[in-house]
Structures are given as C-alpha cells and as structure tokens.
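Student: Okay, predicted coordinates and the sequence, questions at the end:
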Amino acid sequence: MAWTACWTATWRRSLGEAKPVDTFPGRLALQQRVLPLYRAAFFDALAAACPDGLSVFAGQPRSDEAIETAVDLNVARLERGRNLHLFSGPLYLCAQPGLLAWLESWQPAALIVEANPRYLSTPRALRWMRARRRPVIGWGLGAPLPTGPLAGARMDTRRRFLAQFDALITYSQRGAEQYHAAGFPAGRVFVARNAAAPRPRRSDPPDRPPAFTTRPVLLFVGRLQARKRIDTLLQACAALPENLQPDVWIVGDGPARAEFETLARAVYPRAQFFGARHGPDLEPLFAAADLFVLPGTGGLAVQQAMAFGLPVIVGEADGTQADLVRPENGWNIPPGDASALTGLLAGVLTDPTRLRQMGAASFRIVAVEVNLEAMVSVFLQALDSVLS
C-alpha cells in the first residue's frame with residue numbers, strides 16, 4: 001500500500017503534471033485527541049479525496065471541557081478510542097492506549113497526528129510507521145518560543161519532537177514561522193488556514209440594508225468559557241451611549257454560561273443567549289447579524305461569519321485570526337480590553353455603509369482563499385510531498 005502511494009506520487013512528478021493534487025492514493029489515518037463536532041465536515045471532505053479510505057481515531061474529552069463531539073462521520077470512518085487524561089493545566093498529559101491496535105488494523109499508507117508532545121501515545125505510533133517506512137505528518141497550531149529558566153532545554157526537546165515528522169501542517173503563517181524558528185525546514189511546512197465552512201455556493205454575500213433599520217446586532221458564536229471573554233463584550237457594550245447600544249446575540253454553551261448570563265442581567269440586558277446551535281439552526285442568526293465579535297481566544301466561527309458576509313472584530317490570539325482578519329474586513333483588538341472594544345464599537349456602529357463594505361470583503365476572502373475546499377487541498381499537497 002505505501003509502495004503504491006509512493007510510486008504514484010513519483011510518477012506524477014516524472015510526468016511534470018502541473019495540475020493540483022486532488023486525491024490521496026492510499027489508505028489515510030488521522031489521529032485526534034477528541035473529534036469536535038465542528039471538525040466533522042472537514043474530515044468528511046478530506047475522506048472524499050481518499051478513494052481507499054480515511055480512518056479517524058479519536059477519544060472523548062474530559063467532562064469539564066464542554067466540547068461537543070461528533071457522534072459519527074458520513075464519509076470518513078470513525079474509530080472510537082479511549083483517552084486516559086493525566087493531571088491538568090500545564091501538567092496535562094493524554095494517553096490513547098488503542099492507537100497501535102488501530103494502526104495494525106487499518107494499515108495506513110500515511111498518518112497525520114496532532115503535533116502535541118503531551119500526547120503520550122504519539123511516539124509509539126511514529127515508531128510503528130517508521131518501522132514500515134511510511135510517512136507521518138504533524139498537525140498543530142505552531143511552536144511559540146518557550147520562556148523561563150528551562151527555556152533552552154524545552155526548546156531542545158521540542159526540536160527533537162518535531163524532527164520526527166516528514167512534514168508539518170499548521171493553521172497560520174505565524175505557526176509556520178514558529179515551526180521554522182524551532183528548526184523545522186520551511187519547505188516542509190504547509191499552511192492550511194482553519195475553516196469550518198465550505199466555499200459559499202452563492203456568488204454574492206447576503207443582502208443587508210445600507211442603513212440599520214433597527215438596533216444593530218452583534219453576534220458571538222463559540223463555547224462559553226472564561227477565555228472567550230464574553231464579560232469583555234458585555235462591559236464594552238454597556239459603556240456605549242444608549243443610542244449606540246446594539247443587541248448582542250450569544251450562541252453557544254459551556255461551563256461559564258450561567259456566569260455570563262448573570263453578568264448580562266446585571267450590566268447589559270440587551271444580550272440574548274441562544275444556547276448551542278449548529279448547521280441550519282445557526283445560519284439564520286449569521287444572516288441576520290451586522291457584526292461578528294470574538295473578544296477572547298479561539299476563532300473557528302470567524303470563518304463561518306465571514307462566509308455570511310460579516311465584518312469581524314477579534315481578540316489577538318494564536319495567529320489564525322491574523323490570516324483571516326485584515327484591514328479590509330475587520331479589526332484585531334487586545335484580548336479582554338473592554339475600553340478598546342468600546343472605542344472601536346462607538347466608531348463602527350455609526351457607519352453601516354462601511355460595515356457592509358467590509359462584510360463584502362469578508363465574503364470574498366472566504367470564497368477565494370479560506371474554506372474547507374482550500375484546507376483539504378493543502379492537506380493533499382502535504383501528503384503528496386511526503387510520498388516522494
């Protein structure tokens with residue numbers, strides 16, 4: 001199987017084919033600690049480009065993580081693993097004892113794993129693939145420079161860990177630069193910008209009136225946990241003049257929901273909590289909103305909002321936002337800075353024409369550059385590169 005995939009890729013290059021790689025010639029295996037519901041569409045899209053099949057191995061999150069996981073996949077095969085969660089916080093480690101049995105059963109031509117040294121079963125999976133001369137690709141956010149008294153030793157450990165991979169896939173240009181700074185060859189790092197929505201089927205963004213006919217609607221979509229900084233959004237809106245105060249729609253669930261609802265009742269009653277919504281139930285909210293705001297970390301919903309022609313405000317975080325949010329379609333603010341968000345909202349909510357123009361720019365970025373199809377294409381390019 002691995003020999004066939006390798007021969008096919010070499011044959012492609014020997015013929016000088018210029019067209020993009022559109023399939024993976026062999027069985028593909030992909031490891032995840034957990035399988036979030038929002039990631040299911042991507043795995044099914046990638047599986048559609050794997051005629052011999054894609055198997056995804058994933059366990060369950062800790063009970064306090066509030067991650068909504070996919071029950072099944074439509075195109076890819078889901079192998080339900082078991083996670084052993086050890087310690088917590090900065091000491092957290094995870095073991096997946098069924099990983100090798102899955103590899104033995106599936107016999108993949110290539111393996112993609114999360115490039116996280118905290119996952120204790122990954123080195124054994126790497127050795128299993130190496131013994132069979134089959135490539136392994138790491139997939140991760142990047143590798144920020146460690147700080148503190150043991151920074152040098154930690155960097156050495158990180159370099160050794162990354163050196164085991166044949167290629168790396170990351171979400172952002174910042175992540176690619178971090179991997180290169182950690183000693184990984186730049187030519188073997190691939191940037192697959194994070195996407196949850198496919199390329200829009202329509203040619204233009206949803207129609208919105210040039211002026212606000214009612215109070216503008218600010219939309220947040222994501223897990224409700226402290227790092228999302230919904231408190232910042234509520235406080236920022238409460239500090240606006242009454243005539244500028246928007247309706248705030250908060251979509252999602254999580255451990256901090258009750259806390260945020262209590263705060264909203266006290267400081268900003270215009271906030272409405274919708275709970276978790278997905279797919280068709282979420283689309284009307286995106287279509288009816290005027291501006292998407294993510295004041296804390298995270299950001300996959302940013303790409304979804306842009307697919308509906310929304311301008312976006314995000315807190316600076318892991319670099320994925322920097323590739324999506326540009327001067328023509330949105331703003332980056334310091335995470336958790338309520339006064340900065342208030343000042344920004346005070347200006348943009350008085351200029352609906354500008355918001356509509358920026359929303360159109362968001363739509364163009366998603367239609368052309370950042371979508372599920374583009375993400376799949378980068379994964380296929382990375383796979384093709386390691387089969388030579």
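Tutor: Nice, I can see it. As the structure is a computational prediction, the values presented were derived from the model and not from experiment.

Student: show me the contacts for the residue nearest to Val370 when sequence neighbours are not counted.
Tutor: Closest residue to Val370 apart from its sequence neighbours, by CB to CB, 6 or more residues apart in numbering: Arg193 at 4.6 Å. Backbone N, C-alpha and C define where each C-beta goes, glycine included. Contacts here follow CB atoms under 8 Å, 6 or more residues apart in numbering; on that basis Arg193 touches 171-172, 303, 320, 323-324, 369-370, 374-375, 378.

Student: Could I get the full set of helices for the chain?
Tutor: For the chain, the helices defined by DSSP state H occupy 2-14, 40-48, 99-106, 122-131, 151-162, 173-181, 230-238, 257-267, 283-288, 300-307, 320-324, 338-348, 352-368, 372-386.

Student: Summarise which helices and strands the shortest one is packed against.
Tutor: Which is helix 320-324. helix 173-181, helix 300-307, strand 312-315, strand 330-333 (3 or more CB pairs under 8 Å, 6 or more residues apart in numbering; DSSP states H and E).

Student: how far does stretch 205-217 sit from the chain's center?
Tutor: 28 Å (CA atoms, centre = their mean, to the nearest Å).

Student: can you give me the end-to-end distance of that stretch?
Tutor: 17 Å (CA to CA, to the nearest Å).

Student: can you list the weak-confidence ranges in the stretch 251-388 of the chain?
Tutor: Along the stretch 251-388 of the chain, the model assigns pLDDT under 70 to residues 317-320.

Student: hang on, isn't Pro295 packed against Ile333?
Tutor: Yes - the pair Pro295 / Ile333 is scored as a contact, 7.3 Å apart, by CB atoms under 8 Å.

Student: neighbour-wise, which of the two wins?
Tutor: Pro295 (25 against 21; other CB atoms under 10 Å).

Student: who's in contact with the more buried one?
Tutor: 220, 228-230, 232-233, 236, 313-315, 333, 335-336, 341.

Student: switch the cut-off to 6 Å
Tutor: Residues in contact with Pro295 (CB atoms under 6 Å, 6 or more residues apart in numbering) are 229, 232-233, 315.

Student: now swap in Asp52 and tell me
Tutor: Contacts of Asp52 by CB under 6 Å, 6+ apart are 26-27.

Student: which residue packs closest to Leu162, ignoring adjacent ones?
Tutor: Phe184 (5.0 Å).

Student: Thr214 is nearest to which of the helices of the chain?
Tutor: Set against Thr214 and scored by CB to CB, the helices of the chain come closest in helix 283-288, at 10.2 Å.

Student: hmm, back to that, in a markdown table: the contacts of Arg193, plus distance to Gln107.
Tutor: As requested, those are arranged in a markdown table below (distance: CB to CB, whole Å):
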| residue | distance to Gln107 |
| --- | --- |
| Tyr171 | 29 |
| Ser172 | 33 |
| Gln303 | 34 |
| Thr320 | 33 |
| Asp323 | 36 |
| Leu324 | 37 |
| Glu369 | 36 |
| Val370 | 34 |
| Ala374 | 30 |
| Met375 | 26 |
| Val378 | 25 |
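
Student: domains for the protein, by residue range?
Tutor: Domain ranges of the chain: 2-195+371-386, 217-368, per automatic domain parsing.

Student: Could you single out the most deeply buried of these?
Tutor: Of all those, domain 217-368 has the most neighbours on average by mean count of other CB atoms under 10 Å, namely a mean of 19.

Student: Start and end of that one, how far apart?
Tutor: The first residue of domain 217-368 is 26 Å away from its last residue (CA to CA).

Student: Centre of the chain to it, how far?
Tutor: The answer for domain 217-368 is 17 Å, by CA atoms, centre = their mean.

Student: ditto for stretch 120-136
Tutor: 25 Å.

Student: I'd like the mean pLDDT over that stretch, please.
Tutor: Across stretch 120-136, pLDDT averages out at 97.
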